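> Next comes the sequence, and after it the predicted model I'd like to discuss.
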Amino acid sequence: MVVRIGEAMLKYSQPSHPFWNKLLWLKISAGSICKHSIKKGTRHRADLVGQWPPAQCCRHIQRFTKNQKNRTFSEQELVACVSNPHECGGRGGCSGATVELALKYIAKHGLATEEERPYEGKDAECRADHSDGQSMLSMRDEEDGDEAKDDMSNPGVHTVNPSSPGAALGIKAWERLPENNYNALIHALVQHGPVAVSAAATGWSNYKSGIFTSASKTVDHAVVLLGYGEDPGLSAQYWLIQNSWTNGWGEQGKIRLHRKDSDSKNCGPDKQPELGTGCKNGPKTVTVCGECGVLYDSVVPHFAQLVEE
């Protein structure tokens, strides 16, 4: 069976209750190599395009925008303009932010094109106003309010104002999935497509191929979850993850992370949550589950509904 969302396509095997054995989103631009790659080993959390994904991969959203097939998106605007007063996942800019902050910004203000604000790979002044009207930031003069916390830490769907620039990009809502919930993450992949997740990336720089396993629970890296599957040769299940360290790393820029149906019980303490999604003066320790804590923080944008063929 084939399911399409616009020009995106996924293929999956016949279901064995309660989920399909394999689902891989590979033919959408989110799965292509990032234009601006991050050096291995860096903790560059601000380069999230709501890490639907890393800001370096934000152009994949163009597959879902309304009548804008050739539109690009500015990673640099996210680095420069996403405010982070509560220091969630970092201190803002190149020092870090979160997926939730980036998606909230895009939903409210839209996002300039790559041509309007090319990627610089460094902290820079926010220049989000565009007098030529080519970008979708007409609401930039609107009060930002508390972009950092608000109700973003609570699981649930955050709807986008239909008259906002974000809605003009085709984003109807974004959702923070329940923490450490394996079933919720599987369902989101099936129903909505790739999901932004955070993981403990200790040891990832040495990954070349195969199914990666690690006991680390210190979440410090945001990536794009493209799907899941099974490797009969290794007798193991895996998550398929798109990283941002060029396609010369891992399996053509991707990593297969060990997965078990019981991952919601594979938990441990993250004693440095500020390296991932934690905020200043927040909890000193959080419980994260799944291999590398991959179930802890999951965010998915909502675009057009699935249409089966």
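Ah, there it is.
> For residue 290, see how far away residue 259 is.
8 Å (C-beta to C-beta, to the nearest Å). Placement of C-beta: from N, CA and C, glycine included.
> between those two, who's got more neighbours?
For residue 259 versus residue 290, the count of surrounding residues by other C-beta atoms under 10 Å is larger for residue 290: 29 against 25.
> The more buried one against residue 182, yeah?
Yes - with contact defined as C-beta atoms under 8 Å, residue 290 counts as touching residue 182 (6.9 Å).
> can you list residues touching both of those two?
263, 264 (C-beta atoms under 8 Å, 6 or more residues apart in numbering).
> The strand ranked longest in the chain packs against which elements?
Longest strand of the chain, by residue count under DSSP state E: strand 221-231. If you count contacts as 3 or more C-beta pairs under 8 Å, 6 or more residues apart in numbering; DSSP states H and E, strand 221-231 packs onto strand 23-25, helix 182-192, strand 195-199, strand 236-242, strand 254-259.
> can I get these in JSON lines with mean pLDDT and distance to residue 103?
As requested, those are exported to JSON lines (pLDDT from 0 to 100; distance: least, C-beta to C-beta, whole Å):
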{"stretch": "strand 23-25", "mean pLDDT": "78", "distance to residue 103": "18"}
{"stretch": "helix 182-192", "mean pLDDT": "91", "distance to residue 103": "13"}
{"stretch": "strand 195-199", "mean pLDDT": "93", "distance to residue 103": "8"}
{"stretch": "strand 236-242", "mean pLDDT": "95", "distance to residue 103": "17"}
{"stretch": "strand 254-259", "mean pLDDT": "96", "distance to residue 103": "23"}
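> could those be laid out in TSV, adding distance to residue 95?
Converted to TSV, these look like this (distance: least, C-beta to C-beta, whole Å):
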stretch	distance to residue 95
strand 23-25	30
helix 182-192	28
strand 195-199	16
strand 236-242	23
strand 254-259	25
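> Ok, which of these comes nearest residue 173?
Nearest of these to residue 173, taken as C-beta to C-beta: helix 182-192 at 10.2 Å.
> quick one: least confident helix or strand in this structure?
The weakest-scoring helix or strand in the chain, judged by mean pLDDT, DSSP states H and E, is strand 2-5 (a mean of 32).
> Not including adjacent chain positions, what is the nearest residue to residue 178?
residue 155 (4.5 Å; C-beta to C-beta, 6 or more residues apart in numbering).
> cool, residue 126 as well?
Closest to residue 126 by C-beta to C-beta, 6+ apart is residue 81, at 4.0 Å.
> Give me the phi and psi angles of the one you found.
Dihedral pair for residue 81: phi -110, psi -20, per degrees, to the nearest 10.
> what does the one 4 residues further on give?
In this entry, residue 85 is assigned phi and psi values of phi -60, psi -30 (degrees, to the nearest 10).
> State the distance from residue 123 to residue 82.
To residue 82, residue 123 is 12 Å away according to C-beta to C-beta.
> so where is the stretch 151-300 of the chain shaky, pLDDT-wise?
Residues of the stretch 151-300 of the chain meeting the criterion pLDDT under 70: 151-152.
> oh sorry, the question was meant for the stretch 1-150 of the chain
Using pLDDT under 70, the stretch 1-150 of the chain drops low at 1-20, 27-70, 129-150.
> Kindly recompute the last result at 90.
Along the stretch 1-150 of the chain, segments meeting pLDDT under 90 span 1-76, 78-79, 82-104, 106-108, 110-150.
> burial count for residue 154?
For residue 154, the count of nearby residues is 9 (other C-beta under 10 Å).
> how much space is there between it and residue 160?
Counting by C-beta to C-beta, the gap from residue 154 to residue 160 is 17 Å.
> hang on, residue 189 packs against residue 23?
Yes - using C-beta under 8 Å, residue 189 is in contact with residue 23, at 5.9 Å.
> those helices in the stretch 101-250 of the chain, which residues are they?
Counting by DSSP state H, counting those that start in this stretch, the stretch 101-250 of the chain has these helices, from start to end: 165-168, 182-192.
> what residues does the last one touch?
Which is helix 182-192. Counting by C-beta under 8 Å, 6+ apart, 12, 18-20, 23, 25, 175, 177-178, 195, 197, 225, 227-228, 261-264, 289-290, 295, 298, 300-303, 306 sit against helix 182-192.
> partners of the longest strand of the chain, with directions?
strand 23-25 (antiparallel), strand 195-199 (antiparallel), strand 236-242 (antiparallel) (DSSP bridges).
> Just the CA trace of it, in PDB.
Extracted C-alpha coordinates of strand 221-231, given in PDB (Å, rounded to 0.1, in the frame of the first residue of the first chain):
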ATOM      1  CA  HIS A 221      20.800  16.300  20.300                       C
ATOM      2  CA  ALA A 222      17.700  16.900  18.000                       C
ATOM      3  CA  VAL A 223      17.200  14.800  14.900                       C
ATOM      4  CA  VAL A 224      14.400  13.700  12.500                       C
ATOM      5  CA  LEU A 225      12.800  10.300  13.000                       C
ATOM      6  CA  LEU A 226      11.900   9.000   9.600                       C
ATOM      7  CA  GLY A 227      10.400   5.600  10.500                       C
ATOM      8  CA  TYR A 228      11.000   2.200  12.000                       C
ATOM      9  CA  GLY A 229      11.700  -1.300  10.800                       C
ATOM     10  CA  GLU A 230      13.300  -4.700  11.500                       C
ATOM     11  CA  ASP A 231      16.600  -6.200  10.400                       C
END
